[in-house]
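J.: Okay, predicted coordinates and the sequence, questions at the end:
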Amino acid sequence: MARDLPPLAPLVAVEAAARHGSFTKAADSLNLTHGAVSRAVQQAEQALGVALFRRHNRRVSLTPEGRILAGCLDRIFTDLRQTCARLRHPSTLAVSCEPTLTMRWLMPHLPDFSALHPGITVHLATGGGPIDLSLTGVDVAIRRADFGLPGSAVIRPLGAEQVGVVCNPAAWERWGGDLRTAPRLHTRTRPQGWADWSRHSGTPLPPAEAEQVFDHFSFSLQAAVAGLGVAIGPLPLVVDDLAAGVLIAPFGFCPGGADYVALLADDPPPGSPVERFLGWLEQTLPTA
């Protein structure tokens, strides 16, 4: 296996140079000279047989091959940093969570957990779908269970997802409270969202006069806040906007057909940081 790998020490310089876009800044961050970083990068390039960087006058940029390696190194070094932090500080948790749920619910509410458990530090990483907990070093992976859950993982249910139609209150009034005249917002990450809501809520879905498709859930929800149309909103992703009055849910919420779960490598000991975090999730994540 060792013969399949390039020299590992130069990869530290490659990762730093890719992150900073500069050999000079990489050298400063590693307490090395510019020449040492340049030689390390050349060593990695010679071992791999490809150019990793394009050299410009005062900066460097990644080649396509360099971008592939930099992405891999970023994941590896992130996992390594989190693992080292957990070894140095046993009260550190590595938590992986789906990106939109991280941005719209977990991050805004994480200070509440920290206030309850000031000795526990949570490191967040975003990700969705399957995850190998043994390889990533993640303690808790929060997922929407819409894929084949790994048989090797311990699964802790967090509750059923609730979904509803959400929109800007002033815009809803302007559209006369009618789904036929309100522009309908879709997301490519959940293309059947409207059909699923109609089926689970028992509400007929009339043809829309106008529709718009967004790449991510967060975009469609922000468009709804801005009054551009009506969107399907899972409760955890819109609960704060509902409380603030910038969104309303004129038809209420209904089960969305999937559950939220926490995936763990092993059953956590009672009173452990993982168990405390799970207890907080189970009490605070807005679900049925």
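T.: That came in fine, so what should we check first?

J.: Could you verify that residue 287 is part of a helix?
T.: No: counting by DSSP: H, G, I helix; E, B strand; the rest coil, residue 287 is not part of a helix but coil.

J.: Can you report how many residues neighbour it?
T.: Using other Cβ atoms under 10 Å, residue 287 has 19 other residues around it. Heads up, the C-betas are built off the backbone N, CA and C, glycines and all.

J.: Skip the chain neighbours and tell me the closest residue to it.
T.: residue 159 (2.7 Å; Cβ to Cβ, 6 or more residues apart in numbering).

J.: Now do the SS call for that neighbour.
T.: Under three-state DSSP, the three-state class of residue 159 is strand.

J.: Can you report how many residues lie near it?
T.: Neighbour count for residue 159, taken as other Cβ under 10 Å: 16.

J.: Is it bridged to anything, and to what?
T.: residue 260 (DSSP bridges).

J.: From here on, call the first residue 26.
T.: Noted, 26 is the first residue going forward, which turns the last one into residue 184.

J.: Tell me the spacing between it and residue 308.
T.: Computed as Cβ to Cβ, to the nearest Å, the residue 184 to residue 308 distance reads 10 Å.

J.: what's the answer for residue 91, then?
T.: Residue 91 is 46 Å from residue 308, by Cβ to Cβ.

J.: which of the two has more neighbours?
T.: Each of residue 91 and residue 308 has its neighbours counted (other Cβ under 10 Å); residue 91 has more, 23 against 7.

J.: you'd agree that one is up against residue 73?
T.: No: with contact defined as Cβ atoms under 8 Å, residue 91 does not count as touching residue 73 (9.9 Å).

J.: and stretch 188-203, what's its mean pLDDT?
T.: The average pLDDT for stretch 188-203 rounds to 95.

J.: Dump it to PDB, restricted to CA.
T.: What follows is stretch 188-203, C-alpha atoms only, in PDB (Å, rounded to 0.1, in the frame of the first residue of the first chain):
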ATOM      1  CA  VAL A 188     -43.400  20.000   5.800                       C
ATOM      2  CA  GLY A 189     -45.700  22.800   4.700                       C
ATOM      3  CA  VAL A 190     -46.200  25.500   2.200                       C
ATOM      4  CA  VAL A 191     -44.400  28.700   3.300                       C
ATOM      5  CA  CYS A 192     -44.400  32.200   1.900                       C
ATOM      6  CA  ASN A 193     -44.000  35.900   2.700                       C
ATOM      7  CA  PRO A 194     -47.200  37.100   4.500                       C
ATOM      8  CA  ALA A 195     -47.500  40.300   2.500                       C
ATOM      9  CA  ALA A 196     -47.000  38.400  -0.700                       C
ATOM     10  CA  TRP A 197     -49.600  35.800   0.200                       C
ATOM     11  CA  GLU A 198     -52.100  38.600   0.800                       C
ATOM     12  CA  ARG A 199     -51.200  40.100  -2.600                       C
ATOM     13  CA  TRP A 200     -51.900  36.700  -4.300                       C
ATOM     14  CA  GLY A 201     -55.200  36.600  -2.600                       C
ATOM     15  CA  GLY A 202     -54.300  33.500  -0.600                       C
ATOM     16  CA  ASP A 203     -54.600  31.400  -3.700                       C
END
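
J.: how far is that stretch from where the chain is centred?
T.: Put simply, stretch 188-203 sits 28 Å off its chain's centre (Cα atoms, centre = their mean, to the nearest Å).

J.: Over to stretch 209-221?
T.: Distance of stretch 209-221 from the chain centroid (Cα atoms, centre = their mean) equals 19 Å.

J.: Give the buried residues for that stretch.
T.: 209-212, 214-215, 218-219, 221 (16 or more other Cβ atoms under 10 Å).

J.: Now do the strands in the stretch 126-275 of the chain.
T.: 146-151, 165-169, 179-191, 209-212, 236-239, 256-259 (DSSP state E, counting those that start in this stretch).

J.: Got the domain ranges for this protein?
T.: 27-108, 116-183+284-309, 186-282 (automatic domain parsing).
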